[in-house]
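S.K.: Got a sequence here, can you build the structure:
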Amino acid sequence: MVIRPAKPEEAHLLSALALRSKAYWGYSAEFMRLCKDELNWSADQIAASAFTFVVAERHHQIVGFYAVELISDKEFELEALFVEPSHIGTGVGRTLIEHAKSTVVGLGGHILLIQGDPHAEQFYLAAGGQLVGYRASQSVPGRQLPLFKIVLLD
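M.R.: Numbers count the residues shown, from 1 in each chain. This is a model prediction of the structure:
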């Protein structure tokens, strides 16, 4: 697997991958329609200095990606981590979250916040996340999403 920075011109590919990955969990068409805007990234976002977008490739095909955003001096948030459905459970997600943690430390971060999908709760706990509360979904009214914190450096 090759891990590399995402390119702005890959925005549409990453957005489509995120939708496929989210749909993997059996969400309804209406739910996916509500999430579409939240799972859409632009070339400008990928190029923005506040974000770091990284892709994982196998055989020159993008099989996953993540994005972290600078929130404050020492705090970053995982804005995205999605894996191509055919590669879920093959270690791509684990590789990406570990890479994201290293990236955040390399950028001077001490804390990584994660608003996760409920289906990913065990994944983020296994990655060192502590459940610290819940946050309202920006896409689905009344839905609460788990919020995790990974302390990378004290």
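S.K.: so where do the helices sit in the chain?
M.R.: Ranges of helices in the chain, per DSSP state H, are 11-23, 29-35, 43-47, 92-106, 121-126.
S.K.: All the strands of the protein, in order from the start?
M.R.: Using DSSP state E, the strands assigned to the chain run over residues 2-5, 51-58, 61-70, 75-83, 111-115, 130-136, 144-151.
S.K.: Check what contacts the shortest one and list those residues.
M.R.: Contacting residues not belonging to strand 2-5 are listed as 52-58, 95-96, 99 [Cβ atoms under 8 Å, 6 or more residues apart in numbering]. For the C-beta atoms, the positions are set from N, CA and C on the backbone; glycine is no exception.
S.K.: next one: that strand to chain centre, how far?
M.R.: 15 Å (Cα atoms, centre = their mean, to the nearest Å).
S.K.: before we move on, what about the fourth one?
M.R.: Mean-position distance between strand 75-83 and its chain equals 3 Å (Cα atoms, centre = their mean).
S.K.: strand partners of it, parallel vs antiparallel please.
M.R.: strand 61-70 (antiparallel), strand 111-115 (parallel) (DSSP bridges).
S.K.: Report the buried residues of the first one.
M.R.: Residues of strand 61-70 classed as buried under the neighbour-count rule (16 or more other Cβ atoms under 10 Å) are 62-70.
S.K.: Could you tell me how far it lies from the centre of the chain?
M.R.: 6 Å.
S.K.: That one to helix 92-106, inter-axis angle?
M.R.: Interaxial angle of strand 61-70 relative to helix 92-106 (axes from the mean of the first three to the mean of the last three Cα atoms, to 10 degrees): 30 degrees.
S.K.: Please apply the same query to the last one.
M.R.: Between the direction of strand 111-115 and that of helix 92-106, the angle (the same axes, to 10 degrees) works out to 140 degrees.
S.K.: rewinding a little: between which two of the buried residues of strand 61-70 is the distance greatest?
M.R.: Greatest spatial distance in those: 63 and 70, 25.8 Å, computed using Cβ to Cβ.
S.K.: State the distance from residue 102 to residue 49.
M.R.: 19 Å (Cβ to Cβ, to the nearest Å).
S.K.: Can you pick out the residue with more neighbours from the two?
M.R.: Higher neighbour count among residue 102 and residue 49: residue 102, with 11 against 6, using other Cβ atoms under 10 Å.
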